[in-house]
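Q: With the sequence up front, the predicted model follows.
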4 protein chains.
Amino acid sequence: MSETHATPRIAAFIGLGVMGHPMAGHLTRAGWEVRVYNRTRSRAEQWCEEYGGTHHATPREAAEGAEIVLMCVGNDDDVRSVTYGADGVLAGLSEGGLLVDHTTASADLARELSVAAREHSVGFVDAPVSGGQQGAINGALTIMCGGDPQDYERAAPVLAHYGRMVKRIGENGAGQTTKMVNQICIAGLVQALSEGLHFAEQAGLDREAVIEVISKGAAGSWQMENRHATMIRDEYEHGFAVDWMRKDLDICLAEARRIEASLPVTALVDQFYADVQSMGGGRWDTSSLLKRLAR
Amino acid sequence: MSETHATPRIAAFIGLGVMGHPMAGHLTRAGWEVRVYNRTRSRAEQWCEEYGGTHHATPREAAEGAEIVLMCVGNDDDVRSVTYGADGVLAGLSEGGLLVDHTTASADLARELSVAAREHSVGFVDAPVSGGQQGAINGALTIMCGGDPQDYERAAPVLAHYGRMVKRIGENGAGQTTKMVNQICIAGLVQALSEGLHFAEQAGLDREAVIEVISKGAAGSWQMENRHATMIRDEYEHGFAVDWMRKDLDICLAEARRIEASLPVTALVDQFYADVQSMGGGRWDTSSLLKRLAR
Amino acid sequence: MSETHATPRIAAFIGLGVMGHPMAGHLTRAGWEVRVYNRTRSRAEQWCEEYGGTHHATPREAAEGAEIVLMCVGNDDDVRSVTYGADGVLAGLSEGGLLVDHTTASADLARELSVAAREHSVGFVDAPVSGGQQGAINGALTIMCGGDPQDYERAAPVLAHYGRMVKRIGENGAGQTTKMVNQICIAGLVQALSEGLHFAEQAGLDREAVIEVISKGAAGSWQMENRHATMIRDEYEHGFAVDWMRKDLDICLAEARRIEASLPVTALVDQFYADVQSMGGGRWDTSSLLKRLAR
Amino acid sequence: MSETHATPRIAAFIGLGVMGHPMAGHLTRAGWEVRVYNRTRSRAEQWCEEYGGTHHATPREAAEGAEIVLMCVGNDDDVRSVTYGADGVLAGLSEGGLLVDHTTASADLARELSVAAREHSVGFVDAPVSGGQQGAINGALTIMCGGDPQDYERAAPVLAHYGRMVKRIGENGAGQTTKMVNQICIAGLVQALSEGLHFAEQAGLDREAVIEVISKGAAGSWQMENRHATMIRDEYEHGFAVDWMRKDLDICLAEARRIEASLPVTALVDQFYADVQSMGGGRWDTSSLLKRLAR
């Protein structure tokens, strides 16, 4: 879906963490002129050395002249700090521009940004991603979008540079709530897998053999396929960190409170992750729920 | 893996329920002479009309002359009632014969049958299956085996007539405990999926679209792939019944007690299944955990 | 512990809800001149008709001339709105004055108010209460205090007008975290009691007889003593509302996240309360967890 | 309620563990002639040295000549082994005699014993106790009875020698199910208390002060009153052992399965007790749930 232009089109990318860094890189490779901003300046300089764009002192400056601004920062407050105010993205983005937020954040924030963007006559798409660092590097992310159809249509070809699956689910907020569904499904599933492997070990079973026999059937899952080997080897220094999972589950549980959804196992597993944090595992992969059972 | 013989080899099949009926049929199709027994005689007669074997008045009579006896009944007590005593399988099976139990039962029973079989100089393999009625009909079951390697080697080609994945995991009992791992992994996973779909509905999302976008990633599972559509349509008159799941989870939790495994989410979801039973859903598919959340 | 003075001492009371209304009344009865503020003015007028104090247009005006300001409003944001800004309590309270917050709120808020109060050279005590409307009416509240010992010593005799048990637990925030301990202990306890009564009913037992025999022993609790009769009669239009409990548990779980405490049953019961809200029970007493099990 | 007789009345007591030993002693003190049996003979001899009754080689012999036989053994199978068969209590007890079972056992067993007793023309009362070793020593047990009113009326004055609260709840089985209600109420309550104390410690609160201020209110309980001090001191070598609690909860959960009661928190806490067992705490008091959270 990449396109070429005589005059390069201009995008701004705000937030060059483990996800944003490769995502912004894909835009450069696709022929875009990319203007970046990162709170820690050295990471922006490093990115420019690698990919050749320009880095700027404020989100506003990065946004100036860009037809689209893409953000991928830490949490709601981080998004607000780069979006609002004299130095914020909205102060730099021209009328008719487009703002896309890849941060996993609250649906409230998405709705709030939607209003703010409209006031500045720019479009807004909430577009959290899944697929991890590897998915970002490989340009194979899943991107869940919320926004007006026209805004989404403008954003989709850009997101396609690093997204294998890009889909609009509904109006602003729908991207974020879809990401929440994703995290809710993962939390209980990983605990179930952990209980299975814990039980298998206590029962003295050859766990690799067990997984081989059950992984194609009704118990099978992406997590079983992709995480059982490291779980069995007690390796957790990789993947999606428990601290980040708890941040996401906090968002899920707050939204559930608002919409009166009942998430008993999600809430319980969130507490089990608190145990993992107490074990010093805040940076471990989410599959470390097994380590908690086996201690 | 099917084999042909000038003189047909003889097998006995005990228990012609929704699973045993098609399983025994595959043996006939593969050229075996099949002698059957079923507690409710009419079902045995019906099977013979369909497949052409012979039905017998007692498990002992069915077992006489067979080189292998395969059982697929309801629970531990059912297995004991067809195995022991003057009319039981062990009274009919010749020395050197082989007994295979496909019933999902306790590991204690498997170990008990192992001893009893040895006393009768016959081999024993515990071999619970997964894959459901459809898997049985299609000869595509997963069969998890426990037993001596020699006994397993004799059983495997027979089981291959209806099993797509047949594997020995360890000594007697290992088949049953592997099946338990399977059920443990399913219970929490289905609850997680239910919480995700419940949340999605409360959030007003298009649930088909949500599943389309997340099902290939880290939240994906066999259950998501194969059950989301019926869950969204609120259809549960199919699949694996809650009553049977509770029977299996009871076995899992009892074994966990013995081996000091901790299964918090499994135990919790088992109670949620009690709620489904109270709603009149004992015969509903296990995915009916969603209906419980949505009531 | 009440005191008399030739010139009445002056207190301000902000927030005349079901708790604040009778609490402020006790101060008048004890001889204080009470200046009140309530967001809905009519409730302030009504209070003055009943008790004879004066009502004011803003928190600042109510606070002017008072040696102590007591607040009892809904949540963190409500507290901030009556405390800060040009019309807030801190703008009216003189140097050397004392601010007491009876609202059940976050520990973060208590620490924030502590700093703000110090900047205005006034003392601050966080002092959430328990004991319910009846306790407020009877002047029999339990009041859990956090603050400097000197500030507490000044507040204690005033709080004693409506508190039967008034105690300083530690520095600012300790009152709020103690209240959280209280709510945490209640949540799981009420669920346990509900499961006991639900089981008793399913077992066909005379539940009054059961409670009579077990309530003095190791299963006994204030909740069992004071709530079993209404629970058995399926009456929940009284007591402490589920909506308020969820607000409090939200605070508990957020603080637990901060201090890395693991609260599995508390988090789970919080979700069960979501079910009660879905049943239309947001205003029911917390003991309605039984109704949820029995549906 | 004790009575004196010219000719001493004769009772048999089966099972002289930590509970049975002092219970049988109270009968002697009340003037009964007590015939005892214990599986480990030395404990029976020791009891006779202390209290002066006679010990016998089998339950049958102990029961001979007694008007009432009281049993207090470990579990369902233990009860069956001392009741049935040629050496069992029922073989020794005369027609018109009375059998009382103090063992905490299943309701199924109580109903089974009820039928067996009727066949032997003796009465039967299921009468599990609570109150612990100290309650047994002090004659201050709570005794929950199931049985025919006439049988209960005969048993009650005897039980009153060591029971402070003796009550008939219903027909046979009602004693056991009432005891289950007791254990269900305790399990979740102790977890809630543990979460409260764990949170308090993480929050840096003076836990004794916290308990002092909240223990008289809505969070109060027997467990809080009687266990907080040892919990705070991390002492668990006393009280009611986790291994026994798990045995009891197993009975509760099995009965719940039968009567379709849903016990989510009870089932969850049962798994938490599995963690305590894994920590080596099988003999620790049930309040050791705190130690599990604090590890």
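A: Arrived safely, thanks for sending. Numbering: from 1, shown residues only, chains lettered A, B, ... in the order given.
Q: What are the boundaries of the strands in the stretch 1-150 of chain A?
A: For the stretch 1-150 of chain A, applying DSSP state E, counting those that start in this stretch gives strands covering A:10-14, A:33-37, A:54-55, A:68-71, A:98-101, A:123-126, A:129-130, A:141-146.
Q: would you list these in JSON lines and tack on mean pLDDT?
A: What follows is the strands of the stretch 1-150 of chain A, written out as JSON lines (pLDDT from 0 to 100):
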{"stretch": "strand A:10-14", "mean pLDDT": "98"}
{"stretch": "strand A:33-37", "mean pLDDT": "98"}
{"stretch": "strand A:54-55", "mean pLDDT": "97"}
{"stretch": "strand A:68-71", "mean pLDDT": "98"}
{"stretch": "strand A:98-101", "mean pLDDT": "98"}
{"stretch": "strand A:123-126", "mean pLDDT": "98"}
{"stretch": "strand A:129-130", "mean pLDDT": "96"}
{"stretch": "strand A:141-146", "mean pLDDT": "98"}
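Q: need those strands in TSV with mean neighbour count and distance to residue D:73, can you?
A: C-beta: built from backbone N, CA, C; applies to glycine. Output for those, formatted as TSV (neighbours: other C-beta atoms under 10 Å in any protein chain shown; distance: least, C-beta to C-beta, whole Å):
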stretch	mean neighbour count	distance to residue D:73
strand A:10-14	27	72
strand A:33-37	24	75
strand A:54-55	17	79
strand A:68-71	26	69
strand A:98-101	27	67
strand A:123-126	29	65
strand A:129-130	24	57
strand A:141-146	28	60
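Q: Tabulate those strands (a markdown table), appending distance to chain C.
A: Formatted as a markdown table, the strands of the stretch 1-150 of chain A follow (distance: least, C-beta to the nearest C-beta, whole Å):
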| stretch | distance to chain C |
| --- | --- |
| strand A:10-14 | 27 |
| strand A:33-37 | 30 |
| strand A:54-55 | 34 |
| strand A:68-71 | 25 |
| strand A:98-101 | 24 |
| strand A:123-126 | 24 |
| strand A:129-130 | 23 |
| strand A:141-146 | 24 |
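Q: and the ones you listed as CSV, adding distance to residue C:206?
A: As requested, these are exported to CSV (distance: least, C-beta to C-beta, whole Å):
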stretch, distance to residue C:206
strand A:10-14, 67
strand A:33-37, 71
strand A:54-55, 76
strand A:68-71, 64
strand A:98-101, 60
strand A:123-126, 57
strand A:129-130, 54
strand A:141-146, 55
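Q: show me what contacts residue A:44?
A: A:16, A:36, A:37, A:38, A:55, A:56 (C-beta atoms under 8 Å, 6 or more residues apart in numbering or on different chains).
Q: same thing but 7 Å
A: By C-beta atoms under 7 Å, 6 or more residues apart in numbering or on different chains, residue A:44 lies in contact with A:16, A:36, A:37, A:38, A:55.
Q: ok, these vs residue A:213, which is closest?
A: If you rank those by distance to residue A:213 using C-beta to C-beta, residue A:16 comes first, at 43.9 Å.
Q: Next one: the closest one from residue A:141, what distance?
A: 16 Å (C-beta to C-beta, to the nearest Å).
Q: Please enumerate the helices of chain A.
A: A:20-29, A:41-51, A:59-63, A:76-83, A:89-92, A:107-119, A:132-137, A:149-159, A:174-202, A:207-214, A:222-232, A:242-259, A:264-278, A:289-294 (DSSP state H).
Q: Give me the contacts around the shortest one.
A: The contact list for helix A:89-92 (C-beta under 7 Å, 6+ apart) reads A:14, A:59-64, A:69, A:82-84, A:99, A:116, A:120.
Q: between the residues you listed, which has the most around it?
A: Neighbour counts for the contacts of helix A:89-92, by other C-beta atoms under 10 Å in any protein chain shown, peak at residue A:14, which reaches 32 neighbours.
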